[in-house]
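Novice: Make a model of this:
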Amino acid sequence: MSRVARKPDTAEQQPEPLTPDEEAVVRSLSRVIYALPRAIDADMVREQRMSLVEYLTLASLSEAPDRQLRMSELAASVEMSLSGMTRLATRLETQGLIRRIRSEEDARGLNARLTDAGLARLEEAWPSNLASVRRHFLDHLTELDLRKLAAALQNVAT
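Specialist: Numbering: from 1, shown residues only. Below you'll find the predicted structure:
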């Protein structure tokens with residue numbers, strides 16, 4: 001008796017088409033994923049002369065134990081490559097906002113530490129970021145249950 005693989009039924013292979021509501025959500029979310037960071041970045045650059053990724057980098061460090069993270073962890077926290085984070089860290093270090101120091105756990109690794117000047121700069125930029133996030137995003141979600149939305153988006157992200 002030969003073992004020949006049975007070809008699956010074509011109905012089993014085809015995904016269910018999106019409903020009009022599902023299609024609208026997917027398309028809108030795709031636009032938001034690209035438009036929202038650009039809008040917030042433009043506001044931050046105009047009002048604070050700080051890019052959104054610079055702000056997010058300082059914010060990530062401010063929330064970390066001892067205000068420091070390994071460079072690889074910092075890059076991951078803002079969705080950047082390690083080489084991109086290295087270039088950004090050089091700019092931030094030149095401005096006195098962070099310091100790069102040898103890791104105590106791994107002498108080969110570097111940590112980025114938020115300086116007092118970096119924390120002050122973050123606090124200065126925070127109102128602009130908050131206003132931009134509200135204007136471009138949160139103010140448009142008045143009828144939604146934000147806890148459910150946050151949970152759903154977290155599920156998608158993991």
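Novice: for this protein, what spans make up the strands?
Specialist: Ranges of strands in the chain, per DSSP state E, are 68-70, 98-102, 110-114.
Novice: Would you mind putting those into JSON lines with mean pLDDT, mean neighbour count and distance to residue 55 alongside?
Specialist: Every C-beta, even on glycine, is put in place using the N, C-alpha and C of the backbone. Supplementary listing: these in JSON lines, determined by pLDDT from 0 to 100; neighbours: other CB atoms under 10 Å; distance: least, CB to CB, whole Å:
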{"stretch": "strand 68-70", "mean pLDDT": "96", "mean neighbour count": "19", "distance to residue 55": "16"}
{"stretch": "strand 98-102", "mean pLDDT": "96", "mean neighbour count": "16", "distance to residue 55": "13"}
{"stretch": "strand 110-114", "mean pLDDT": "97", "mean neighbour count": "22", "distance to residue 55": "12"}
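Novice: With distance to residue 44 added, can I get the ones you listed in CSV?
Specialist: Conversion of the strands of the chain to CSV gives the following (distance: least, CB to CB, whole Å):
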stretch, distance to residue 44
strand 68-70, 21
strand 98-102, 17
strand 110-114, 18
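Novice: Can you tell me, leaving aside adjacent residues, what's nearest to residue 75?
Specialist: Nearest residue to residue 75, sequence neighbours excluded (CB to CB, 6 or more residues apart in numbering): residue 85, at 3.7 Å.
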